[in-house]
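Asks: Kindly generate the corresponding structure for this input.
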Amino acid sequence: MTQFQFTVDKPTLPWWRVPMVWLVILGPAVVVVASFTTLALAILNPDPVLVPDVVSNAAELPAVQARNHAATGGR
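Replies: So this is what the prediction gives:
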């Protein structure tokens, strides 16, 4: 005589009840919220415009130009 064994599988959960799904969704969601927060901060608090240096002495002009040239990468 053959004996049968019946196994009962766990019922499958809907996707919103699986914890790993929320980790996958919340990671990118946090990054999106942080990027919009950064954008809002950048728009609401812009960097001030700097006034260019005024050379008081004509003898210092080449040194100031060389410094500016080095600081901008030669542009």
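Asks: Please count neighbours and contacts with C-alpha atoms only from this point.
Replies: Fine.
Asks: where does the chain dip in pLDDT?
Replies: Counting by pLDDT under 70, the chain contains low-confidence residues at 1-2, 53, 74-75.
Asks: same thing but at 80, please
Replies: Where the chain drops to pLDDT under 80, the residues are 1-4, 6-8, 10, 49-58, 73-75.
Asks: Tell me where it has helices.
Replies: 19-44, 61-71 (DSSP state H).
Asks: Need those helices in JSON lines (columns: distance to residue 7 and mean neighbour count).
Replies: JSON lines is the format used below for the helices of the chain (distance: least, Cα to Cα, whole Å; neighbours: other Cα atoms under 10 Å):
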{"stretch": "helix 19-44", "distance to residue 7": "25", "mean neighbour count": "11"}
{"stretch": "helix 61-71", "distance to residue 7": "74", "mean neighbour count": "12"}
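Asks: Of all those helices, which one comes closest to residue 52?
Replies: Taking Cα to Cα, helix 61-71 is the member of the helices of the chain nearest to residue 52, at 10.1 Å.
Asks: How far does the closest one sit from its chain's centre?
Replies: Helix 61-71 sits 34 Å away from the centroid of its parent chain (Cα atoms, centre = their mean, to the nearest Å).
Asks: again, but for stretch 8-24
Replies: That offset, for stretch 8-24, works out to 30 Å (Cα atoms, centre = their mean).
Asks: Name the surrounding residues that touch that stretch.
Replies: Residues outside stretch 8-24 that contact it (Cα atoms under 8 Å, 6 or more residues apart in numbering): none.
Asks: For that stretch, measure first residue to last.
Replies: Stretch 8-24 has an end-to-end distance of 29 Å (Cα to Cα, to the nearest Å).
Asks: ok, residue 62 to residue 54 distance?
Replies: According to Cα to Cα, residue 62 stands 13 Å off from residue 54.
Asks: how near is the residue nearest to the spatial centre of the chain to residue 43?
Replies: Centroid check for the chain by Cα atoms, centre = their mean gives residue 35 as the closest residue, at 5.3 Å. Remark: distance between residue 35 and residue 43 (Cα to Cα) = 12 Å.
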